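Asker: Need coordinates for the following:
(chains A and B)
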Amino acid sequence: MADQTLPISAPLPEAEAQRVPWLEWMHSWVVTVDHKKLGLLYIVYAIFFLLVAGAEAILIRIQLAWPDMHFVSPEVYDELFTMHGTTMVFLVGMPILFGFANYLVPLMIGARDMAFPRLNAFSFWLTAFGGLLLYFSIVGGFGLYGMGNAPDVGWWAYAPLTAKAFTPGHNTDYWALALIVSGFGTLGTAINIIATTFSLRCKGMTLMRMPLFVWLMLIVSVLTLVTITPLTAAQIMLLIDRYLGGHFFDAQAGGSPIVWMHFFWIFGHPEVYVLVLPAFAIANEVIPVFSRKAIFGYPAMVAASVGICFISLTVWAHHMFTVGMTSVGNTFFVLSTMMVGIPTGIKIFNWLATMWGGRIRFATPMLFCTAFVFQFLLAGLTGIMLSVAPWDWQLHNSYFVIAHFHYVLVGAIVFNIFAAIYYWYPKATGRMLSETLGKWHFWLFLIGFHITFDTMHFVGLLGMPRSIYTYEPDRGWNTLNLIISMGGFVQAIAVLLFAWNLIYSYVRGRAAGNDPWDAWTLEWSTPSPPPAYNFAIDPVVRSRRPLWDLKHPHDPDWKYER
Amino acid sequence: MSTLPLFADETWQPPSRGRVGMFSLIVGESAIFTIFVVAYIYYIGRSTYGPTPRILDIPIFNSICLFSSSFTIVMAEYAIARGLIRRFATWWGLTMLLGLEFLLGTAIEWRDLIYNRHFTIRTNLFGTTFYSLVGLHATHVVVGMIGLSLVMLFTLLGRVNQRHAERIQVFALYWHFVDAVWVVVFTVVYIVGR
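Answerer: Numbering: from 1, shown residues only, chains lettered A, B, ... in the order given. Down below sits the predicted model:
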């Protein structure tokens, strides 16, 4: 029956919700192996830590708002920026993106679950345990200054500061163990996504018909396999140094702290792409649907993503221009870093071309994605500035670098995460998020973001270094820092509005129906929320936009696609 | 009805998820080993004091045993694919013996180094890199042995039959990987590094 397109199925009768005692309900979430529940667990877990790490950022900004502040002690300040960075990368960015992958990949490819459901649950709980381990250090990991110290060596944890002699106590060990544990969780999820994408696609879903979201998640997972593992290896070496008296990063015995930097950034730079590619994935779904056009240049998007995956593995030492590499080394990493601009440029033009001439609907998800395109462009431009070694020598470790990567991490990734939540929340809960609150959230967050991070570039150009506890009043940074901090508060208000919207709309939101956005991928053919089995009948697809074919039987996509 | 050859239902055969998963795991594990191997190579001859790799003896018999186990496990795979459980159990047991011999050999080597030559992981940089790289590989052999033993246990209980051929083959991929890594570790530690 090759001619049959997918049917939209009503939920089977037994799937109707019944009231269950809350203990049983909680138990069902703990023991679940359902990819949708695990996806939601990932996302809720990540949003919780987003609020925690956001609060840490606010404390940092209060400390830096005025010169010579003593809002927190220097020791606590070190812990704050270490925990802010580690939390945002490992407990917010990765879990939330893998949460989306978990929830959406099987739905988008017409599968009933992930390839290894139990591995999926195991991975989530490992990740969750890693996060708890990291935060348990606050009560359990006494450091140099008495009981109860969080890790305070920076999220990059450069040697030799991490050596036992300089960081006694256990806080660094908690940091390393937490990342090893959650790293294994991440590895498990990556394996699962790869196996799901290759082995569980529904009939007719060839690789070149997969939604770009799935493509990007596949690429991210492959990248994760070779990215997270070097970090795990480096952490094992660190623990060998700290616990077994090894000498990997001990310069006196012939070891080299620079080697730690290399290993860390071999992980650390591709990690940026592990985070940003899912953000692209979200834009690839949202922008076409709200522009009412198919994505422009599908094969080019796939090729560009694969290109980014490979190039991103060759650029790590641009974090290390100031350590004094050879001129050949510097040149190589300058050029490879600039090369990343080519595939990302292709992507930006493709998004613009998708929007060009489209009938654009500026619902909240599209607002966030539009802002993303422009902010990501700016972030990419400062990235190319920093890729020039002499420029980097001037601005390394300054707030210009901080501004650059927050432009990527917030301006691109967080914006798209918000877009994704507004876009798929109706699917997951059956209710629409409030558009009014959503628009308030968007505009406040946008304004706060630009107040903070645009200004940060200038304070960096004026020479303010990163990770400093405070500064003297005569440096000329006072007003700018105050502005940055005020922008932080605007963002915090926006995020609280968003959190309120999540709760409020869950109870009071408008019913969403199966397909509130008139979208084209398979997840919108299921009821909202989808039943445990996803599809009552296995779907069969014939083009990249199966729901378009279904809605427009006289003008289906498969007539035009190759 | 359609003129385009969109797909043929009969030929829609996605790859086995077990194989895809195991290959992914192997890619990830390779990255871990790469980091340790790179560290080992970079640190060759950089110890500022203490013993050098000249104190190592080349574990030839050990290596032959481990490499042979790749052959015996292939024979076991063939046997299970044809449903010959007895033959499968024999080859599988042989694989276990060879793996066990390898671990035993490593244990003897380490015992000699530690007790007779007082060379430990904290002695110098060479000790750190040597024990961690060889130890990382040995850890993988131990994990493999646990897997082999579990399959053996179920075989002896009579629970393994032809239907499990694919799972056995997927597990065997891991064992082959552990063997292949030993080629690299052996070359780097005992030939290049020595």
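
Asker: did I read that right, A:V89 in a helix?
Answerer: Yes. Assessed by DSSP: H, G, I helix; E, B strand; the rest coil, A:V89 belongs to a helix.

Asker: Test my guess that it contacts A:V274.
Answerer: No. Contact criterion Cβ atoms under 8 Å: A:V89 and A:V274 do not qualify, at 9.5 Å. All C-beta spots, glycine's among them, are computed from the backbone N, C-alpha and C.

Asker: Which stretches in the stretch 301-450 of chain A count as helices?
Answerer: Along the stretch 301-450 of chain A, the stretches classed as helices by DSSP state H, counting those that start in this stretch are A:327-339, A:341-355, A:364-387, A:389-395, A:399-406, A:415-429, A:435-461.

Asker: Go through the helix or strand following the longest one and flag the buried ones.
Answerer: The one in question is helix A:435-461. Going down the chain from helix A:435-461, the next helix or strand is helix A:478-508, by DSSP states H and E. Across helix A:478-508, burial judged by 16 or more other Cβ atoms under 10 Å in any protein chain shown covers A:478, A:480-485, A:487-492, A:494-495, A:497-498, A:501-502, A:505.

Asker: Compute the inter-axis angle for helix A:478-508 and helix A:415-429.
Answerer: Between helix A:478-508 and helix A:415-429, the angle comes out at 10 degrees (axes from the mean of the first three to the mean of the last three Cα atoms, to 10 degrees).

Asker: quick one: helix A:478-508 to chain centroid distance?
Answerer: Distance of helix A:478-508 from the chain centroid (Cα atoms, centre = their mean, to the nearest Å) equals 19 Å.

Asker: Give the rounded mean pLDDT of whichever helix or strand comes after that helix.
Answerer: Sequence order places helix A:546-551 as the next helix or strand after helix A:478-508, per DSSP H and E. Over the span of helix A:546-551, the pLDDT mean works out to 91.

Asker: Show me the contact partners of helix A:546-551.
Answerer: Helix A:546-551 has contacts (Cβ atoms under 8 Å, 6 or more residues apart in numbering or on different chains) with A:5-6, A:8, A:294, A:515, A:519-522, A:524-525, A:539, A:541-543, A:556-558.

Asker: With respect to chain B, which of the helices of the stretch 301-450 of chain A lies nearest?
Answerer: Proximity to chain B (Cβ to the nearest Cβ) singles out helix A:327-339 among the helices of the stretch 301-450 of chain A, at 14.4 Å.

Asker: Closest residue of the stretch 451-562 of chain A to chain B?
Answerer: For the stretch 451-562 of chain A, Cβ to the nearest Cβ, closest residue to chain B: A:R542, 5.3 Å.

Asker: Look up the closest residue to that residue, ignoring the ones flanking it.
Answerer: Leaving aside its sequence neighbours, A:R542 sits nearest to A:W558 (Cβ to Cβ, 6 or more residues apart in numbering or on different chains; 4.1 Å).

Asker: cool, and B:A89?
Answerer: Spatial nearest neighbour of B:A89, excluding adjacent residues (Cβ to Cβ, 6+ apart): B:T155 at 5.0 Å.

Asker: same deal with A:L275?
Answerer: Leaving out its chain neighbours, the residue that sits closest to A:L275 by Cβ to Cβ, 6+ apart is A:G93, at 4.6 Å.

Asker: mind checking pLDDT for that neighbour?
Answerer: 93.

Asker: Between A:V89 and A:V274, which has more neighbouring residues?
Answerer: Taking neighbours as other Cβ atoms under 10 Å in any protein chain shown, A:V89 and A:V274 compare with A:V274 leading, 26 against 19.

Asker: can you give me the helices for chain B?
Answerer: Counting by DSSP state H, chain B has helices at residues B:17-43, B:60-81, B:85-111, B:125-156, B:165-186.

Asker: helices or strands up against the host helix or strand of A:A195?
Answerer: Here A:A195 sits within helix A:171-199, counting by DSSP H and E. Judged by 3 or more Cβ pairs under 8 Å, 6 or more residues apart in numbering or on different chains; DSSP states H and E, helix A:171-199 is in contact with helix A:74-86, helix A:94-108, helix A:117-140, helix A:212-243, helix B:17-43.

Asker: which of those helices is buried the deepest?
Answerer: Among those, helix A:94-108 has the highest mean neighbour count (mean count of other Cβ atoms under 10 Å in any protein chain shown), at a mean of 28.

Asker: Tell me which residue in the stretch 151-300 of chain A sits closest to chain B.
Answerer: Counting by Cβ to the nearest Cβ, the stretch 151-300 of chain A gets nearest to chain B through A:G245 (3.3 Å).

Asker: and that residue, how many residues sit next to it?
Answerer: Neighbour count of A:G245, defined by other Cβ under 10 Å: 15.

Asker: so it touches B:L125, yeah?
Answerer: No. Counting by Cβ under 8 Å, A:G245 sits too far from B:L125 to count as a contact (11.6 Å).

Asker: Could you pull out the residues contacting both of those two?
Answerer: With Cβ under 8 Å, 6+ apart, A:G245 and B:L125 have no common neighbours.

Asker: Quick check: A:P516 vs A:S434, distance?
Answerer: 13 Å (Cβ to Cβ, to the nearest Å).

Asker: can you redo the helices of chain B as CSV with mean pLDDT and distance to A:F332?
Answerer: Listed next are the helices of chain B as CSV, based on pLDDT from 0 to 100; distance: least, Cβ to Cβ, whole Å:
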stretch, mean pLDDT, distance to A:F332
helix B:17-43, 96, 17
helix B:60-81, 96, 37
helix B:85-111, 96, 39
helix B:125-156, 96, 26
helix B:165-186, 96, 25
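
Asker: Pipe the ones you listed into CSV and attach distance to A:L41 per row.
Answerer: Output for these, formatted as CSV (distance: least, Cβ to Cβ, whole Å):
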stretch, distance to A:L41
helix B:17-43, 22
helix B:60-81, 38
helix B:85-111, 38
helix B:125-156, 28
helix B:165-186, 28
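
Asker: Could you point out which of the ones you listed sits nearest A:S467?
Answerer: Nearest to A:S467, of all the helices of chain B, is helix B:17-43, at 26.4 Å by Cβ to Cβ.

Asker: Just the angle for the closest one relative to helix A:117-140, thanks.
Answerer: Going by the same axes, to 10 degrees, helix B:17-43 makes 40 degrees with helix A:117-140.

Asker: Just want the angle from helix B:17-43 to helix A:212-243.
Answerer: 40 degrees.

Asker: Which secondary structure elements does helix B:17-43 sit against?
Answerer: If contacts are counted by 3+ Cβ pairs under 8 Å, 6+ apart, helix B:17-43 sits against helix A:171-199, helix A:212-243, helix A:257-291, helix B:125-156, helix B:165-186.

Asker: okay, these in CSV with distance to A:L550 next?
Answerer: Converted to CSV, those look like this (distance: least, Cβ to Cβ, whole Å):
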stretch, distance to A:L550
helix A:171-199, 23
helix A:212-243, 19
helix A:257-291, 15
helix B:125-156, 46
helix B:165-186, 36
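
Asker: Perfect, that will be all.
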